[in-house]
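# I'd like to go over a predicted model; first the sequence, then the structure.
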Amino acid sequence: MITQSVTAWATLAAETTGSGSGGSGGETALFWIMAPLAVLGALGLVFSRKAVHGALSLAVTMISLALFYIAQEAPFLGVVQIVVYTGAIMMLFLFVIMLVGVDSSDSRVETIRGQRVAAALAVAGVVLLLATVTLRATLPEEPAGLAQAAPDGNVPAIADLIFGTYFWAFEVVAVLLITAAVGAMTLTHRERLSRRSSQKELSIKRFSEGPPGEAAGLPVPGVYARHNAVDTPALLPDGKPSEASINRVLVARGAARSSEEFRHHPTPADVEAAAEGEADEPAGEIGPDDDASGGERA
Amino acid sequence: MIATQNYDEIAGFGNDPWWIIAIKCLAIFVLCVVLTLFNIVFERKVVARMQHRLGPNRTGPFGSLQSLADGVKLMFKEDIIPKAADKIVYIAAPLVAVIPSFLILSVIPLGPEVSIFGHETRLQLTDTPVAVLFTLAIASVGVYGLMMAGWSSGSTYPLLGGLRSTAQVISYELIMGLSFVGVFLFAGTMSTSGIVAEQERLWYGIILLPSFLIYLISMVGETNRAPFDLPEAEGELVAGWGTEYSSIKYAMFFLAEYINMVNVSAIATTLFLGGWRAPWPLSAVNDGMFNTGWWPLLWFFAKVILLIFVFVWLRGTLPRLRYDQFMHFCWKWLLPISLVWIVLVAGMRLAFNEGIERNQILLYGGIVVAVLLIGSLLIPEKKTPAEPEPAEEPEFDAFAGGHPVPPLPGQEFVAARIPAATTKTDDRTEESSRA
């Protein structure tokens, strides 16, 4: 039943727009290729576990819709659909999703009681509504055609509607959107309570306050170590791994490698060299918990 | 004003037999690839000359086959997919980046009507009433590739690069769209062949110089090229969104970047530099001989390569911008300037359409400018205080009452103070500022 009606719609669309130029065969083929893709995209949006996959699926659906519009001889609408929805809005969505959760697959725990039941009911209602409207719709025997609907072409026709007939509605919507944007900016704006310290001030502060060893910056990860990856602590000249060389974000995430793993363990040759060197080096200079002395690496 | 012709059918298109369409498609594909190979060598040679080097000169005559050799080598490299990568998106990303870049040249007019095997046809695959918007749409799909690459690599630098590139391209696409508006207003059409036809007398790059300059800036931002190559800033992000890619996938990103350079240059040529039309003294030779037949291909590609040279020149000359400065430049300078300019253009256009003579516009415009200039003489000179008096007012401390309060108008911050817990730090700051 539903398949039949969809086919009817497709053929009708093809007949309406083909206008005898032999394009209807190609258009039917396009419909049967793009329609499953659009549906797959929509299903992907609902069922994908990762938010990014969902957003990308939605982008696929939007692009498919744009192609339909173009095939229906509404190139302006199709192109604007891609520029505005796919290119700007969906991109911002993706931006936020990627920025917030790098690899989060959101938890499936219901936070509001009865949420799923309510959602299911709402979806059923919408489906029922759409199905009723679609099935009860009566199609005219002879479609009006583009020549009658937009005699000057699509772009002038749309311009006429937006800047003529629906001018006030359009402006009101624009004001509403701008209000929303300004509101969002006002609500999230935070007034700075202290002056931002300049690069020069920060530099002075680093020299005057921090430990002198860090005045020229912290040790760089991976220096003298076995790997040069960011998660590998640098080895100090005495062979001790330096905790300060690892970004604290990595440590907080648990992504840094333990510094114990990279501690320099002296070989017997090292120990001998250290013993020889001990004669001219005062022992006090070597760190107390240090099995690899500074002298041997020199 | 809206003309009353039917915009949805553009003269000269839609009547080609299938084999001519096939030839044109193939030609565009080959053109994109060959231009990429050429541009890589061209860029390396030009940058080398700018830096007093020779550049590649071993492979082929004058090193001209260097990029071909590099490309073949890149194809045969090991293809690595990181363990943390999201496989499907990771593999799809280069395709999403490269496929749209091939599409844009299909709506660019490369020349007027020519005869291919006895069939009269235009040197343009197709045209629509919204061809210029179509190029914008295609470009915005291409950005998905970079973004997907950044996210799916499962690594920090690519993610940062992907985010940067998204923010950058969205911002600069806006400016790019605004720079088109002036052209649309003057041409009265958004079809590329129509815009080229309207530039028969004067190129829009001359009449709409500010639009052209804004477009030139935004096209560099749009293609992630130096000095706006923040998404792949080597010093900060290794290779940005491309860090984890290798072999043919990386080659595809590379291809996409270079084709996009050609694309934006071709759009600039079409919209602002008269498209395939010969430059002025040549266009008058022998009753416009150089504007017919296959000649225009030469002018078109000369203009495109000139713009590519501008890209290379910028890369060889300017250091990379800092990200916040780059965004400030877009939103706080380019956007207001282009909006004001569009209002001016629309006013001019309206005046023309209302039948006001150009001389009158110049006259009244001149009067307004003169009045403003004379008025500016009457503004009393701003007295510069000899010595900025040391602030006598009580120092403003946001945390004075225990609860943070923003400054009132006229009050100024003194030193960065951090509340209670770190009083020790505070003392030290004061010491250092005294010293």
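Sure thing, it's come through.

# from now on I want contacts and neighbour counts done on CA atoms only, so please keep to that.
Will do.

# distance of the residue nearest to B:Phe253 when sequence neighbours are not counted from A:Ala59?
Residue nearest to B:Phe253 in three dimensions, not counting chain neighbours: B:Pro94, with 5.8 Å by CA to CA, 6 or more residues apart in numbering or on different chains. Computed as CA to CA, to the nearest Å, the B:Pro94 to A:Ala59 distance reads 17 Å.

# again, but for B:Tyr172
Here B:Tyr172 is placed at a distance of 21 Å from A:Ala59 (CA to CA).

# same check, this time on B:Gly150
Taken as CA to CA, the span from B:Gly150 to A:Ala59 is 17 Å.

# give the residue spans of chain B that score low on pLDDT.
In the predicted model, chain B carries pLDDT under 70 at residues B:1-12, B:235, B:286, B:356, B:358, B:383-395, B:412-435.

# once you drop chain neighbours, what's closest to the residue positioned nearest the centre of it?
Nearest residue to the geometric centre of chain B (CA atoms, centre = their mean): B:Met219, 0.9 Å. Excluding the flanking residues, the one nearest B:Met219 by CA to CA, 6+ apart is B:Val264, at 6.1 Å.

# my guess is the one you found contacts B:Ile217. True?
No. In this structure, B:Val264 is not within contact of B:Ile217 by CA atoms under 8 Å, at 11.1 Å.

# compare the two (neighbour count), which wins?
B:Val264 (26 against 17; other CA atoms under 10 Å in any protein chain shown).

# now the more buried one: how far from chain A?
16 Å (CA to the nearest CA, to the nearest Å).

# would you say that residue is within a helix?
Yes. Counting by DSSP: H, G, I helix; E, B strand; the rest coil, B:Val264 is located in a helix.

# next, count neighbours for A:Arg226.
A:Arg226 has 12 nearby residues by other CA under 10 Å.

# cool, and the one 4 residues further on?
Here the number of neighbours of A:Val230 (other CA under 10 Å) works out to 18.

# kindly report the same for B:Ile20.
B:Ile20 has 16 nearby residues by other CA under 10 Å.

# for the helix or strand that contains it, name the packing helices and strands.
Assessed by DSSP states H and E, B:Ile20 sits inside helix B:18-50. If you count contacts as 3 or more CA pairs under 8 Å, 6 or more residues apart in numbering or on different chains; DSSP states H and E, helix B:18-50 packs onto helix B:66-75, helix B:87-103, helix B:247-272, helix B:295-317.

# tell me the buried residues in that helix?
B:20-21, B:24-25, B:28-29, B:32-33, B:35-47 (16 or more other CA atoms under 10 Å in any protein chain shown).

# and the stretch 151-300 of chain B, which residues reach chain A?
By the rule CA under 8 Å from any CA of the partner chain, the part of the stretch 151-300 of chain B lying against chain A is B:Trp151, B:Gly154, B:Leu159, B:Leu163, B:Thr166, B:Ala167, B:Ile170.

# excluding chain neighbours, what is closest to B:Leu202?
B:Gly274 (7.7 Å).

# I figured the one you found was touching B:Glu200, is that so?
Yes. Using CA under 8 Å, B:Gly274 is in contact with B:Glu200, at 7.3 Å.

# so these two - more neighbours on which side?
B:Gly274 (25 against 14).

# what's near enough to touch the more buried one?
Neighbouring residues of B:Gly274 by CA atoms under 8 Å, 6 or more residues apart in numbering or on different chains: B:Val196, B:Gln199, B:Glu200, B:Leu202, B:Trp203, B:Tyr204.

# from B:Ile259, how far off is it?
From B:Gly274 across to B:Ile259, the span is 21 Å (CA to CA).

# who touches B:Trp280 in this structure?
Counting by CA under 8 Å, 6+ apart, B:Trp280 makes contact with nothing.

# against chain A, how distant is it?
33 Å.

# what is the burial count for B:Leu318?
Neighbours around B:Leu318, by other CA under 10 Å: 11.

# phi, psi of residue 114?
Using chain A. phi 80, psi 10 (degrees, to the nearest 10).

# that's the wrong chain, I wanted chain B
phi -130, psi 170.

# now do A:Pro219
Main-chain dihedrals, A:Pro219, degrees, to the nearest 10: phi -60, psi 150.

# look up how far chain B lies from it.
Counting by CA to the nearest CA, the gap from A:Pro219 to chain B is 17 Å.

# does that residue touch A:Ser245 like I think?
Yes. At 4.9 Å, A:Pro219 counts as touching A:Ser245 under the criterion of CA under 8 Å.

# and these two? which has more neighbours close in?
Neighbour count, other CA under 10 Å: between A:Pro219 and A:Ser245, A:Ser245 has more, with 21 against 18.

# pull the contacting residues for that one.
A:Ser245 touches A:Leu218, A:Pro219, A:Val220, A:Pro221, A:Pro233, A:Ala234, counting by CA under 8 Å, 6+ apart.

# now with 6 Å?
Applying CA atoms under 6 Å, 6 or more residues apart in numbering or on different chains to A:Ser245 gives the contacts A:Pro219, A:Val220, A:Pro221, A:Pro233, A:Ala234.

# okay, it: pLDDT?
A:Ser245 carries a pLDDT score of 81 in this model.

# from A:Gly222, how far out is it?
Taken as CA to CA, the span from A:Ser245 to A:Gly222 is 8 Å.

# find residues that contact each of these two.
A:Pro233, A:Ala234.

# what about the residue nearest to B:Phe253, how many residues nearby?
Neighbour tally, B:Pro94, other CA under 10 Å: 27.

# same thing with A:Val123?
Neighbours around A:Val123, by other CA under 10 Å: 12.

# you'd agree it is in a strand?
No. If the criterion is three-state DSSP, then A:Val123 is helix and not within a strand.

# how much space between it and A:Ser57?
Plainly put, A:Val123 is 20 Å away from A:Ser57 if you go by CA to CA.

# ditto for A:Ile82
Counting by CA to CA, the gap from A:Ile82 to A:Ser57 is 14 Å.

# next one: B:Ala97
Applying CA to CA to B:Ala97 and A:Ser57 gives a distance of 16 Å.

# count of residues packed around B:Gly63?
Count around B:Gly63 with other CA under 10 Å applied: 16.

# does it touch B:Leu54 like I think?
No. The criterion here is CA atoms under 6 Å, and B:Gly63 misses it with B:Leu54 at 10.0 Å.

# could I have the CA atoms of stretch B:368-378 written out in PDB?
C-alpha atoms of stretch B:368-378 as PDB (Å, rounded to 0.1, in the frame of the first residue of the first chain):
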ATOM      1  CA  VAL B 368      28.400  64.800   0.000                       C
ATOM      2  CA  VAL B 369      32.100  63.900   0.200                       C
ATOM      3  CA  ALA B 370      33.100  67.600   0.000                       C
ATOM      4  CA  VAL B 371      30.600  68.600   2.700                       C
ATOM      5  CA  LEU B 372      32.000  65.800   4.900                       C
ATOM      6  CA  LEU B 373      35.500  66.900   4.300                       C
ATOM      7  CA  ILE B 374      34.800  70.600   5.000                       C
ATOM      8  CA  GLY B 375      32.800  69.500   8.100                       C
ATOM      9  CA  SER B 376      35.800  67.500   9.300                       C
ATOM     10  CA  LEU B 377      37.800  70.700   9.200                       C
ATOM     11  CA  LEU B 378      35.400  72.300  11.600                       C
END
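
# gap between it and the chain center?
Counting by CA atoms, centre = their mean, to the nearest Å, stretch B:368-378 is centred 36 Å from the centre of its parent chain.
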